[in-house]
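Asks: This is a predicted model, with the sequence first.
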Amino acid sequence: MMKFLRLLGEWGAVATDLVSSIAPVDWVSLLAAIIVILIFLKLHQHGTRRRSSKLQQHKLPPGPRPWPLVGCMLQVNDLPHKWFANLASTYGPILYLHMGSLPYVIVNNAQMAKEVLKTHDMEFASRPRSMLGEVISFGYEDIVFRSSDAKWRALRKICASNLFTPSGLKTTTALRQEDMLFMVHCIHAAAKSRSIVNVKRVIHEANLNTMCSMLFGKRYFRADGKLDSKGKSFLDLLDLLVAESGQLNLGDFIPALKWLDLQRAEKRLRKDLKQALEKFFFSKLAENRKLHCTNKLLDGKESHLLDFLQSLKGKESLSDKTIAGILCDLVLAGTDTTSVTAEWALSEILANPHILHKAQEEIASVVGQERLVQESDLVNLPYLQAIVRETLRLHPALPLGIPHYNSVATHLAGYTIPAGSTLLINISAIGRDPANWSHPTQFNPDRFLGSDIQLVGEHFHLIPFSAGRRFCLGYPLVIVQVPHVLAALLQTFDWSLPAGKRPEDISMQEKIGLACYRAVPLEAVASCRFPAAPYLSKLSENIQGS
Ligand code: HEM
Ligand SMILES: *[C@@H]1O[C@H](CO)[C@@H](O)[C@H](O)[C@H]1NC(C)=O
Ligand SMILES: *[C@@H]1O[C@H](CO)[C@@H](O)[C@H](O)[C@H]1NC(C)=O
């Protein structure tokens, strides 16, 4: 039984640390459930047989034979990554299998990804439903979890045009520059005492500051690393969201068990999490609306996304639920993904000292040491850009993307995909496909120097942001934010490993949750390259003054 549960948990590859990833189960209800399963088994088998004879006229993609009700969940052994990798080598680049009673299709190479995201883009542009998705999205009033329709398209457009167009990005450049200064200052303090830097933390705090100030004009972390009490409750909420996103709900996979609510998901998600989200976001909305009425917006100039969303009038106006759903989406989609990417990049750089030196030389020659690197420098830093691309190839933040879904039966590469299938694109497998990449597991930024490979979904063998109409909305921000963070870290500091560690000791093991994290957090020691750099002392003055 333990094993069965563990297996269920292992699926999805969303969960690494199996046993701990699955939400706690009520054992008495589980026993009851087993009895129910047994009773329904015969009935279900009957249905399966009838269905499969009907499907014979259509060709399903190859895949392992499902068990009734639990699908392939029993066959996933202790190493889900290995199991799926084996499936791909047994059945080829497109697989069909059942997880619980839900049909899944997994595609594993560039050509199949192109079929899904280009040729049949529209048919696969929906999203499967899940209890967690419903709660996070305030009832699918959002962008990430909403199936494609006119409203989804409108919301994407509103956010993209406000935040991510070149002019939208320009209005927030100064704010991001300040966050980089804050980050550098934090590390500077650690460098002076030669203490070990928790790289993930400093990067993440900088990204969160950037994201929250762009979204609702609030920086939760001050440069001295302190948080106010509101910041604390925001971080707790984020932690809760990230933890829930790394868990699986049996009820989502085996709808027949939903009513039993084995993991108390109803209460955890529909009640506790929902309340916490509503409390935070609705009070944020009310607070901001009050500001509007009193003083702001007199000059009609919006300063952040929330201002803009609340200022929409008439036919364009948005409900509080929709505004909250959008903010929650962007915080969730935009922070961990960006942070892990920068952390992976620095890990690879420290594991390969020649890359570190080459990148530092490039930055020093382009930027010098008088001022901190700015976003406008990035176009002159091709090697740094190549490092970021190589990181996105080898360590895509969302290795299986975000699930797609077809609401009607669809033809794909000569097969029929039944309506209601969940479709996963194995972005990680595509970036490491030996058919398209030489020495695929080697971190080698040089492969991108002078290459015309784009990240925007024209070259389907490199699709860290996916492609087609669901293409990552935050892409324009990511491609400035990640290299900017790295450039600031490499320009200001020399990096070494804690005593006794060699570059080849840096583990590249992954831990999958909401994003693809490092299993072992990167620890490094920073020392100031140019202690007399004017921007370092200027910052200290600012901090002391504030
Ligand atoms: C390194 C960082 C990031 C990576 C690798 C990444 C990757 C992705 C991927 C693979 C998808 C799924 C697309 C699909 O369904 O086919 C996605 C969707 C999305 N991303 Fe990103 N992302 C990153 C950062 C961001 C940031 C910073 C934001 C916003 C601030 C963002 C906002 C979104 C949104 C809103 C969607 C959903 C789009 C939709 O469903 O229509 N992402 N991202
Ligand atoms: C995706 O591809 C990777 C690398 O080939 C593999 O290890 C993993 O098992 C695959 N995941 C799924 C769900 O197919
Ligand atoms: C990727 O590999 C496949 C199989 O060898 C090939 O057909 C395709 O043209 C390759 N694409 C690129 C861009 O290299």
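Replies: Received the coordinates, thanks. Ligands and ions are numbered 1, 2, ... in the order given.
Asks: ok, the closest residue to residue 249 other than its chain neighbours - how many residues close by?
Replies: Residue nearest to residue 249 in three dimensions, not counting chain neighbours: residue 265, with 5.0 Å by CB to CB, 6 or more residues apart in numbering. Every residue, glycine included, has its C-beta placed from N, CA and C. The tally of other residues near residue 265 (other CB atoms under 10 Å) stands at 24.
Asks: Same question for residue 531.
Replies: 11.
Asks: Would you mind giving the secondary structure of it?
Replies: Recorded secondary structure, residue 531: coil (DSSP: H, G, I helix; E, B strand; the rest coil).
Asks: What parts of the stretch 301-450 of the chain come near ligand 2?
Replies: 400, 426, 428-429, 432 (CB under 6 Å from any ligand atom).
Asks: Who wins on neighbours among the residues you listed?
Replies: Going by other CB under 10 Å, residue 426 tops those with 25 neighbours.
Asks: which SS class is the residue lying closest to residue 467 once chain neighbours are set aside?
Replies: Leaving aside its chain neighbours, residue 467 sits nearest to residue 457 (2.8 Å; criterion: CB to CB, 6+ apart). Under three-state DSSP, residue 457 falls in the coil class.
Asks: tell me, what residue is most central in the protein?
Replies: residue 337 (4.1 Å; CA atoms, centre = their mean).
Asks: list the buried ones in the helix or strand hosting that residue?
Replies: Residue 337 belongs to helix 320-351 when assigned by DSSP states H and E. Neighbour counts over helix 320-351 (16 or more other CB atoms under 10 Å) mark 320-351 as buried.
Asks: Do any residues in it lie close to ligand 1?
Replies: Yes: interface with ligand 1: helix 320-351 contributes 329-330, 333-334, 337-338, 341 (CB under 6 Å from any ligand atom).
Asks: Now the element after that helix, going C-ward?
Replies: Beyond helix 320-351 in the direction of the C-terminus, DSSP H and E gives the next helix or strand as helix 353-367.
Asks: what mean pLDDT does that following helix have?
Replies: Per-region confidence: helix 353-367 scores 98 on mean pLDDT.
Asks: pLDDT value on residue 66, please?
Replies: The model's pLDDT for residue 66 equals 71.
Asks: Then residue 73?
Replies: For residue 73, pLDDT reads 64.
Asks: now the one 3 residues further on
Replies: Predicted confidence (pLDDT) at residue 76: the value is 58.
Asks: which bits of this structure sit near ligand 3?
Replies: 110, 435-436, 459, 461.
Asks: Could you rerun that using 8 Å?
Replies: 109-111, 433, 435-436, 459-461 (CB under 8 Å from any ligand atom).
Asks: May I see the residues you listed organised as a markdown table, with pLDDT, distance to residue 186 and neighbour count added?
Replies: Below are the residues of the chain next to ligand 3 laid out as a markdown table (pLDDT from 0 to 100; distance: CB to CB, whole Å; neighbours: other CB atoms under 10 Å):
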| residue | pLDDT | distance to residue 186 | neighbour count |
| --- | --- | --- | --- |
| 109 | 95 | 42 | 21 |
| 110 | 97 | 40 | 20 |
| 111 | 97 | 45 | 17 |
| 433 | 96 | 39 | 17 |
| 435 | 96 | 43 | 11 |
| 436 | 96 | 40 | 17 |
| 459 | 95 | 37 | 16 |
| 460 | 97 | 39 | 20 |
| 461 | 96 | 38 | 18 |
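Asks: could you check the distance from residue 343 over to residue 179?
Replies: According to CB to CB, to the nearest Å, residue 343 stands 16 Å off from residue 179.
Asks: try residue 359
Replies: Residue 359 sits at a distance of 21 Å from residue 179 (criterion: CB to CB).
Asks: coming back round to it: once you drop chain neighbours, what's closest to the residue nearest to the centre of the chain?
Replies: Nearest to residue 337 is residue 397, by CB to CB, 6+ apart, at 3.9 Å.
Asks: next one: residue 509
Replies: residue 519 (3.9 Å).
Asks: swap in residue 306?
Replies: Leaving out its chain neighbours, the residue that sits closest to residue 306 by CB to CB, 6+ apart is residue 216, at 4.2 Å.
Asks: tally of neighbours for that neighbour?
Replies: 20.
Asks: List the contacts of it.
Replies: 284, 288, 304-306, 327 (CB atoms under 8 Å, 6 or more residues apart in numbering).
Asks: try it again with 10 Å
Replies: Each residue near residue 216 by CB atoms under 10 Å, 6 or more residues apart in numbering is listed here: 281, 284-285, 287-288, 303-307, 309, 327, 331.
Asks: least confident pick among those?
Replies: Lowest pLDDT among the contacts of residue 216: residue 303, 78.
Asks: and the helix or strand harbouring residue 240, anywhere near ligand 1?
Replies: Element membership for residue 240, per DSSP H and E: helix 229-245. No: Helix 229-245 lies out of reach of ligand 1 by CB under 8 Å from any ligand atom, never closer than 13.7 Å.
Asks: And for stretch 304-311?
Replies: No: with CB under 8 Å from any ligand atom as the criterion, ligand 1 is not reached by stretch 304-311; the gap is at least 9.7 Å.
Asks: repeat for stretch 424-433
Replies: Yes: using CB under 8 Å from any ligand atom, stretch 424-433 reaches ligand 1 at 425, 427.
Asks: Endpoint to endpoint, that stretch covers what distance?
Replies: 16 Å (CA to CA, to the nearest Å).
Asks: Buried residues of the helix or strand hosting residue 483, list them for me.
Replies: Using DSSP H and E, residue 483 maps to helix 475-492. Within helix 475-492, the residues that qualify as buried are 475-479, 481-492, counting by 16+ other CB under 10 Å.
Asks: The very next helix or strand once past it - contacts with which helices or strands?
Replies: From helix 475-492 onward toward the C-terminus, using DSSP H and E, the following helix or strand is strand 493-496. Using 3 or more CB pairs under 10 Å, 6 or more residues apart in numbering; DSSP states H and E as the contact criterion, the elements in contact with strand 493-496 are helix 173-192, helix 320-351, helix 353-367, strand 523-528.
Asks: so what strands line up beside the last one?
Replies: Spelled out, that is strand 523-528. strand 196-198 (antiparallel), strand 493-496 (antiparallel) (DSSP bridges).
Asks: which one of those strands is the most hemmed in?
Replies: strand 493-496 (a mean of 18; mean count of other CB atoms under 10 Å).
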